[in-house]
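Participant: okay, sequence plus prediction incoming.
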Amino acid sequence: MNKKWWHDKVAYQIYPKSFKDTNGDGIGDIRGIIDKLDYLKELGIDLIWLSPIYCSPLADQGYDISDYYNIDSRFGTMEEMDELIAETKKREMKLIMDLVVNHCSDEHEWFQKALQDPKGEYGDYFYIQEGKDGKSPNNLRSYFGGSAWEQIEDSDLYYLHLFHKKQPDLNWENPVLRKKIYEMINWWLEKGIAGFRIDAIINIKKVLPFHDYEPDRDDGLTSSEKMVDEAEGVLDLLHEMKDATFQTYDAFTVGEVFREKKEDLEAFIGEKGCFSSMFDFNETVFGISEKGWYDYKKVTPDDYRECCFASQLRSDGIGFLSNIIENHDEPRGVSHYIPEGECSDQAKKMLATVYFMLKGLPFIYQGQEIGMENVPFTSIDEINDISTLDQYKVALGQGFSEEEAFSIACRYSRDNARVPFQWDDGANAGFTQGIPWLKVNPNYTELNLKQQIDEEDSVFHYYKKLIALRKGEDHKETLVYGDFEPVYTELKRVMAYYRVGEDEKILIIGNFKTQPQELLLEEEGYEVLLNNERELTSEGRKIMLNGYQAVILRFKR
């Protein structure tokens with residue numbers, strides 16, 4: 001594998017709206033990010049991904065962009081953005097932005113011009129089709145519920161939106177549109193950002209002409225994923241984009257890619273892949289159902305292990321995955337992957353250990369480093385996320401009571417990760433002096449950064465140790481480039497694997513139980529590199545791991 005500048009980095013996702021507010025309007029801003037750069041540097045972060053801060057009506061929290069070349073005034077100004085880029089570079093960190101080009105906002109100039117003349121130049125920037133027998137052109141369902149087609153006023157024309165109706169899909173079959181997108185990408189790279197996280201990108205290729213699919217719910221519609229699975233040729237578009245933009249700047253790119261074909265992985269992230277990396281969503285999508293959240297299957301510790309290991313083995317010899325336990329679109333990782341009732345600091349450190357040392361680029365989502373948890377919402381009125389509101393209605397439609405439907409919605413809600421960062425135990429968790437746009441998790445008085453900085457054994461300090469270990473010169477070659485070898489897979493609720501380098505083998509092992517487990521090591525003579533407890537009970541090759549204990553052991557080769 002040819003070594004790249006980003007291979008040994010640690011990345012951190014900021015959801016700007018909930019990170020830090022400095023002007024008291026209840027919404028996080030660029031100034032707040034600038035003020036916290038030293039904190040991120042102290043943590044050990046190299047690469048910062050910003051969720052969208054472009055101009056937007058915020059129908060989907062910024063993933064509906066009305067102007068790709070400007071900053072939304074709620075977040076700040078372009079001058080502040082330039083300052084953020086400069087201040088990040090001063091600290092030897094790099095900034096990447098969200099690239100959202102499957103769709104834009106219906107308030108974007110392009111779409112407004114398309115509405116004025118659907119058959120004209122800008123109409124061809126989108127998928128505007130005549131209806132069929134007085135109905136939508138086909139029966140695709142939006143990812144957020146309801147038809148993926150919206151009628152244009154009283155005409156017989158409809159436009160496609162795989163997401164919210166205020167997010168019309170861009171027509172990537174149009175070379176003029178693609179050229180404008182590439183110009184915008186290069187404009188940002190010229191500004192000095194280091195690359196992009198690329199949103200929902202596999203959706204850009206449609207199956208034309210549009211046709212109906214077998215319905216998968218009582219509404220007569222079918223998931224847009226059916227079309228994504230059928231579509232051919234997305235990689236041609238992605239490689240064209242890379243050649244026209246990223247490659248010139250040696251930019252880092254990480255794709256949000258779901259449902260890619262197994263044989264295409266090398267074309268996505270191999271030596272000549274269209275992206276530098278892509279997120280491993282194997283664990284994220286485990287147990288999902290096309291019926292809706294009410295039919296999701298809870299992930300067990302052994303399910304989680306098998307999903308991680310399958311991804312590692314699949315990408316072996318091909319390229320780097322980007323590893324996560326949570327992001328802005330998921331519930332909190334510690335609440336999702338740790339069984340209910342077992343979410344202790346010890347368990348949070350264990351989960352951090354076993355995901356962080358997998359081969360690939362580790363991403364931390366804001367608040368993860370202090371172990372932020374799901375929110376005990378008390379009413380559907382506290383929910384802002386459009387996806388959660390839709391799934392609440394879906395559950396009600398399936399006969400669940402309001403209480404049951406609310407419980408289902410809360411378990412998987414994206415708002416769990418979107419509530420304000422818990423900086424301290426003061427008003428609004430130190431996030432804002434105003435009224436926060438989304439409620440603060442009430443556990444902030446006991447779970448916050450200020451408290452954890454002062455506690456040597458906190459989750460925060462454990463994350464710092466993990467980051468320092470991966471980046472330290474002594475073991476970086478093994479932990480970044482070493483082979484991945486699963487071990488102890490026959491044991492229940494144990495997650496263990498080797499990272500194998502030229503002169504050392506490093507064993508990462510975590511006990512996913514509340515009870516102790518005894519293991520027999522393959523050899524003696526190890527060095528403890530990291531332990532989420534003070535001691536490791538051992539006798540010869542036998543070790544006893546306490547409940548949710550995790551250790552990293554080094555063996556010389």
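Facilitator: That came in fine, so what should we check first?
Participant: when you work out contacts or count neighbours from here on, use the C-alpha atoms and nothing else.
Facilitator: Noted.
Participant: is Gly360 in contact with Ile318, as I believe?
Facilitator: No. Between Gly360 and Ile318 there is no contact under Cα atoms under 8 Å: 11.2 Å.
Participant: looking at those two, which one has more neighbours?
Facilitator: Of the pair Gly360 and Ile318, Gly360 is the one with more neighbours under other Cα atoms under 10 Å, namely 26 against 17.
Participant: now the residue nearest the centre of the chain, nearest residue through space, not along the chain?
Facilitator: A centroid search over the chain (Cα atoms, centre = their mean) returns Asn327, at 3.8 Å, as the residue closest to the centre. Counting by Cα to Cα, 6 or more residues apart in numbering, Asn327 lies nearest to Tyr365, which is 5.6 Å off, once chain neighbours are set aside.
Participant: the one you found against Gln13, yeah?
Facilitator: Yes. Assessed by Cα under 8 Å, Tyr365 is found in contact with Gln13 at 4.8 Å.
Participant: so what sits against both of these two?
Facilitator: Asn327 (Cα atoms under 8 Å, 6 or more residues apart in numbering).
Participant: after the lengthiest helix in the chain comes which helix or strand?
Facilitator: Ranked by residue count and defined by DSSP state H, the top helix of the chain is helix 175-191. As assigned by DSSP states H and E, the chain's next helix or strand after helix 175-191 is strand 195-198.
Participant: ok, and what's touching that next one?
Facilitator: 49, 95-100, 189, 246, 251-256.
Participant: kindly report the same for stretch 483-493.
Facilitator: 301-302, 309, 312-313, 316, 358-359, 494-501, 511-513.
Participant: now these: which count as buried?
Facilitator: 301-302, 309, 312, 358-359, 494-501, 511-513 (16 or more other Cα atoms under 10 Å).
Participant: residues touching Met278, list them.
Facilitator: Met278 sits next to 253-257, 268-269, 320-322 when contact means Cα under 8 Å, 6+ apart.
Participant: show the model's pLDDT score for it.
Facilitator: Per-residue confidence at Met278 stands at 98 (pLDDT).
Participant: could you point out which element follows the one helix or strand it maps to?
Facilitator: Element membership for Met278, per DSSP H and E: strand 277-279. Scanning forward in sequence from strand 277-279 by DSSP H and E, the next helix or strand is helix 301-315.
Participant: can you show me the helices along the stretch 251-400 of the chain?
Facilitator: With helices called from DSSP state H, counting those that start in this stretch, the stretch 251-400 of the chain shows them at 265-269, 301-315, 333-337, 345-356, 386-397.
Participant: what's near enough to touch Tyr497?
Facilitator: Residues in contact with Tyr497 (Cα under 8 Å, 6+ apart) are 484-488, 507-509.
Participant: now do 6 Å
Facilitator: 485-487, 507-508 (Cα atoms under 6 Å, 6 or more residues apart in numbering).
Participant: from these, which is closest to Asn70?
Facilitator: Ile508 (44.7 Å; Cα to Cα).
Participant: for that closest one, phi and psi?
Facilitator: Backbone torsions for Ile508, taken as degrees, to the nearest 10, come to phi -110, psi 120.
Participant: do the one 10 residues further on as well
Facilitator: Glu518 has phi and psi values of phi -100, psi 140 when expressed as degrees, to the nearest 10.
Participant: surely it touches Met544?
Facilitator: Yes. Counting by Cα atoms under 6 Å, Met544 is a contact partner of Glu518 at 4.4 Å.
Participant: stretch 269-285: how far from the chain's middle?
Facilitator: Relative to its chain's centre, stretch 269-285 lies at 12 Å (Cα atoms, centre = their mean, to the nearest Å).
Participant: re earlier: quick one: which two of the contacts of strand 195-198 are the most distant?
Facilitator: Leu189 and Glu256 (19.4 Å).
Participant: so those two - more neighbours on which side?
Facilitator: Leu189 (21 against 17).
Participant: make CSV from the contacts of Met278 and add pLDDT and distance to Lys89 to it.
Facilitator: Listed next are the contacts of Met278 as CSV, based on pLDDT from 0 to 100; distance: Cα to Cα, whole Å:
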residue, pLDDT, distance to Lys89
Thr253, 98, 18
Val254, 98, 20
Gly255, 98, 23
Glu256, 97, 25
Val257, 95, 29
Phe268, 97, 28
Ile269, 97, 26
Phe320, 96, 24
Leu321, 98, 25
Ser322, 98, 22
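Participant: can I get these in CSV with distance to His161?
Facilitator: Compiled in CSV, the contacts of Met278 are given as follows (distance: Cα to Cα, whole Å):
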residue, distance to His161
Thr253, 25
Val254, 24
Gly255, 20
Glu256, 18
Val257, 18
Phe268, 25
Ile269, 28
Phe320, 32
Leu321, 29
Ser322, 28
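Participant: tell me who's in contact with Ile14.
Facilitator: Contacts of Ile14 (Cα under 6 Å, 6+ apart): 50, 366.
Participant: for it, name its beta-bridge partners.
Facilitator: With DSSP bridges as the criterion, Ile14 is bridged to Leu50.
Participant: how close does it sit to Ala417?
Facilitator: 11 Å (Cα to Cα, to the nearest Å).
Participant: cool, Ile128 as well?
Facilitator: 35 Å.
Participant: please apply the same query to Asp124.
Facilitator: 37 Å.
Participant: and these two? Which one has more around it.
Facilitator: Legend: neighbour count by other Cα under 10 Å for Asp124 and Ala417, higher for Ala417 (26 against 21).
Participant: quick one: contacts of the helix or strand containing the more buried one?
Facilitator: For Ala417, the host element (DSSP H and E) is helix 415-418. In this structure, residues lying in contact with helix 415-418 by Cα under 6 Å, 6+ apart are 328, 331-332, 374-375.
Participant: repeat that with 8 Å
Facilitator: 15, 18, 326-332, 373-375, 383-385, 410, 438.
Participant: more crowded one of Glu518 and Met544?
Facilitator: The residue with more neighbours, out of Glu518 and Met544, is Met544; 16 against 13, by other Cα under 10 Å.
Participant: check for me that that one belongs to a strand.
Facilitator: Yes. Using DSSP: H, G, I helix; E, B strand; the rest coil, the assignment for Met544 is a strand.
Participant: show the pLDDT at it.
Facilitator: Reported pLDDT for Met544: 98.
Participant: is it in a bridge, and if so with what?
Facilitator: Glu518, Thr537.
Participant: how near is it to Leu521?
Facilitator: Computed as Cα to Cα, the Met544 to Leu521 distance reads 11 Å.
Participant: please export the C-alpha coordinates of stretch 135-143 as CSV.
Facilitator: This file holds the C-alpha atoms of stretch 135-143, laid out as CSV (Å, rounded to 0.1, in the frame of the first residue of the first chain):
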residue,chain,number,x,y,z
LYS,A,135,-50.1,10.2,-10.6
SER,A,136,-46.4,10.5,-9.9
PRO,A,137,-44.0,9.2,-12.6
ASN,A,138,-43.2,6.1,-10.5
ASN,A,139,-43.8,4.7,-7.0
LEU,A,140,-40.5,5.5,-5.3
ARG,A,141,-40.7,6.4,-1.7
SER,A,142,-38.6,9.2,-0.3
TYR,A,143,-36.1,8.2,2.4
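Participant: and Leu47, backbone torsions?
Facilitator: phi -130, psi 120.
Participant: against Ile71, how distant is it?
Facilitator: Leu47 is 21 Å from Ile71, by Cα to Cα.
Participant: pretty sure Asp425 contacts Thr445?
Facilitator: Yes. At 4.5 Å, Asp425 counts as touching Thr445 under the criterion of Cα under 8 Å.
Participant: closest to Tyr294 out of the helices of the stretch 251-400 of the chain?
Facilitator: Among the helices of the stretch 251-400 of the chain, helix 386-397 comes nearest to Tyr294, with 5.9 Å by Cα to Cα.
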